[in-house]
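Asks: need a structure here:
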Amino acid sequence: MTVVPKKILFISNGHGEDNHTSYVIRTLKEQEPNLDMAAMPIVGQGYAYRNLNIPIIGPTETMPSGGFFYMNRFQFIKDIQAGLIGLTWRQLQAVLSYAPQCDLIMTTGDGVSQSFAYLTGRPFVAFISCLSSLYEGRLNLGPLLWHYFNSPRCLGVFTRDRYTAEDLQNQGLKKAQFGGIPSLDYLQPQGQDLQLNPSLPMLALLPGSRLPEAVRNFRLQLQLAKEIAQVMENQVQFRAALVPSLQAQLPEIASEQGWQYENGKLSQLGTEIRCYTDAFNDILHSCTLVLGMAGLAVDQAVALGKPVLQVPGEGPQFTYQFAEAQTRLLGISAQTIGTGPATEANLKEAAQRVAITVKDPDYLQECIENGQARFGPVGASWRIAHLLLKYLEADKSEPESTTHR
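Replies: You can find the predicted model right below:
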């Protein structure tokens, strides 16, 4: 008798959400390679899924905002003009068409992806990776999410931090439980030779991954690196973790900003920045401090106990509003300089702050403790995958109890 493999659909509405889910998928592949898995990324092209050869069941497009229209209403208007409403409708139809054949849905994100999952009428597990009680002290889910999560078809609600899980349980949502950051399970050093001087602090440059914003961010970080090198009299070293599409533009960026470029190395007046596309894990583990203009990558750094210094950019993602929210989420580990797109004065202030921070052992130790308290321990991908497999393997003796409620 042929055994039909269990089928699971992953729905996510954001690049970070795709990333979180992809690591859960990797763990599922290791534990249960015969699972039939598909995905519907609502924002962007879903490269995190495509890189794992997970089929995409509906249409995908990249909108002008890159998925961050909530930071700027003008960006939302541009998304509407680019066909956001029609795209979302087609994606929902694809999900509703595909879901009846699925044994389980996993949905990562906030209201949009959770609505998709609920509307399928299928049992689902929610991962609210973009929501946290750490922002305001108490998470207000709102009536829709509260209704979805209290439905008997919602089998579990995972949070990215323990504080949020405890907050939701205290509010009466007993199925809420701590998940964590799944990518941390795979964030191990790969043995890349970063050519470091062990006697000097190393600063990691994380400009983000989405172009063209990442290019603008990196240009700003080059200016900041120059200021830091001057304040610290070049007694510091820089390593940049870049996506390949940004690395390819380094000769042009260097020419524009007065740096010399050769074989992945930028240099100017005794200051060097070595740039890598394949050493993110090693750079994050080895750095003393992170110059961060990203979302998930900064969270990962804080989870590893690293202090983060942020200077806002022009967006659409890494604006002051985003950086300020990050500061509330990450606590003492994150410092944000300025209240708008960084000025020359902001960069000088940031350089001074870096010089002070890397020589403050008490603060550096506090960052280690803070990161562990907010995001530890590791094992999120296993915790979430274990629950998914638990429900997939459960005997559905009363199928009517899991549909159309």
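
Asks: buried sites along the helix or strand Gln365 falls within?
Replies: Secondary structure assigned from DSSP states H and E places Gln365 in helix 361-375. Neighbour-count burial for helix 361-375 flags Tyr363, Leu364, Glu366, Cys367, Asn370, Gly371, Arg374, Phe375 (criterion: 16 or more other C-beta atoms under 10 Å). C-betas here are computed from N, CA, C, even on glycine.

Asks: show me the contacts for the most centrally placed residue in the chain.
Replies: The geometric centre of the chain, computed from its C-alpha atoms, lies nearest to Leu296 (C-alpha atoms, centre = their mean), at 2.7 Å. Under the criterion of C-beta atoms under 8 Å, 6 or more residues apart in numbering, the contact list for Leu296 reads Gly16, Asn19, His20, Ile181, Ser183.

Asks: My guess is the fourth one contacts Ala301. True?
Replies: Translated: Ile181. No: Ile181 sits out of contact with Ala301 when judged by C-beta atoms under 8 Å, with a separation of 11.0 Å.

Asks: which one of these two has more residues nearby?
Replies: For Ile181 and Ala301, the more surrounded residue by other C-beta atoms under 10 Å is Ala301, and the numbers stand at 28 against 25.

Asks: Show me which helix runs longest in the protein.
Replies: The helix that spans the most residues within the chain, counting by DSSP state H, is helix 213-231.

Asks: pull the CA atoms of that one into CSV?
Replies: Extracted C-alpha coordinates of helix 213-231, given in CSV (Å, rounded to 0.1, in the frame of the first residue of the first chain):
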residue,chain,number,x,y,z
GLU,A,213,18.5,50.5,-0.1
ALA,A,214,21.4,48.3,0.9
VAL,A,215,23.7,50.3,-1.4
ARG,A,216,22.6,53.6,0.1
ASN,A,217,23.1,52.1,3.6
PHE,A,218,26.6,50.9,2.8
ARG,A,219,27.6,54.2,1.4
LEU,A,220,26.5,55.7,4.7
GLN,A,221,28.4,53.1,6.6
LEU,A,222,31.6,53.8,4.7
GLN,A,223,31.3,57.4,5.9
LEU,A,224,30.8,56.2,9.4
ALA,A,225,33.8,53.8,9.2
LYS,A,226,36.0,56.7,8.1
GLU,A,227,34.9,58.7,11.2
ILE,A,228,35.4,55.8,13.5
ALA,A,229,38.9,55.1,12.1
GLN,A,230,39.8,58.7,12.7
VAL,A,231,38.5,58.8,16.3
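
Asks: Next SSE downstream of that helix?
Replies: Counting by DSSP H and E, the next helix or strand C-terminal to helix 213-231 is strand 237-241.

Asks: quick one, phi psi at the residue nearest to Trp146 when sequence neighbours are not counted?
Replies: In space, Trp146 comes closest to Leu173 once its chain neighbours are excluded; the distance is 7.7 Å by C-beta to C-beta, 6 or more residues apart in numbering. Its backbone dihedrals place Leu173 at phi -90, psi 80, with angles given as degrees, to the nearest 10.

Asks: what's near enough to touch Leu173?
Replies: Contacts here follow C-beta under 8 Å, 6+ apart; on that basis Leu173 touches Leu141, Trp146, Phe149, Asn150, Val157.

Asks: The residue nearest to the centre of the chain and Gln114, how far apart?
Replies: When distances are taken as C-beta to C-beta, to the nearest Å, Leu296 and Gln114 turn out to be 19 Å apart.

Asks: so how far is Ile85 from Leu388?
Replies: Where Ile85 is concerned, Leu388 sits at a distance of 31 Å (C-beta to C-beta).

Asks: quick one: which of the two has more around it?
Replies: For Leu388 versus Ile85, the count of surrounding residues by other C-beta under 10 Å is larger for Leu388: 26 against 9.

Asks: Would you agree that one is in contact with Leu28?
Replies: Yes: at 6.7 Å, Leu388 counts as touching Leu28 under the criterion of C-beta under 8 Å.

Asks: Common neighbours of these two, please.
Replies: Overlap of the contact sets of Leu388 and Leu28 (by C-beta under 8 Å, 6+ apart) consists of Ile8.

Asks: In terms of distance to Gln91, which of the buried residues of helix 361-375 ranks first?
Replies: When the buried residues of helix 361-375 are compared for distance to Gln91 (C-beta to C-beta), Phe375 comes out closest, at 30.4 Å.

Asks: picking that back up, how close does the residue nearest to the centre of the chain get to Leu96?
Replies: When Leu296 is compared with Leu96 (using C-beta to C-beta), they lie 29 Å apart.

Asks: Likewise for Gly305?
Replies: Distance check for Gly305 against Leu96: by C-beta to C-beta, it reads 44 Å.

Asks: higher neighbour count, those two?
Replies: Set side by side, Gly305 and Leu96 give different neighbour counts by other C-beta under 10 Å, the larger being at Gly305 (19 against 13).

Asks: Name the SS class of the more buried one, please.
Replies: For Gly305, the reduced secondary structure class is coil; criterion used: DSSP: H, G, I helix; E, B strand; the rest coil.

Asks: Show the contacting residues for it.
Replies: Gly305 is in contact with Ser333, Cys367, Ile368, Glu369, Asn370, Gly371, Gln372, counting by C-beta under 8 Å, 6+ apart.

Asks: and the helix or strand encompassing Val95, how far from the chain's centre?
Replies: Of the helices and strands defined by DSSP H and E, Val95 is found in helix 84-98. With C-alpha atoms, centre = their mean, to the nearest Å as the basis, helix 84-98 stands 24 Å off its chain's centre.

Asks: and what of stretch 117-132?
Replies: When C-alpha coordinates are averaged (C-alpha atoms, centre = their mean), stretch 117-132 and its chain have centres 18 Å apart.

Asks: Pull up the distance across it, start to finish.
Replies: Counting by C-alpha to C-alpha, to the nearest Å, you get 20 Å between the two ends of stretch 117-132.
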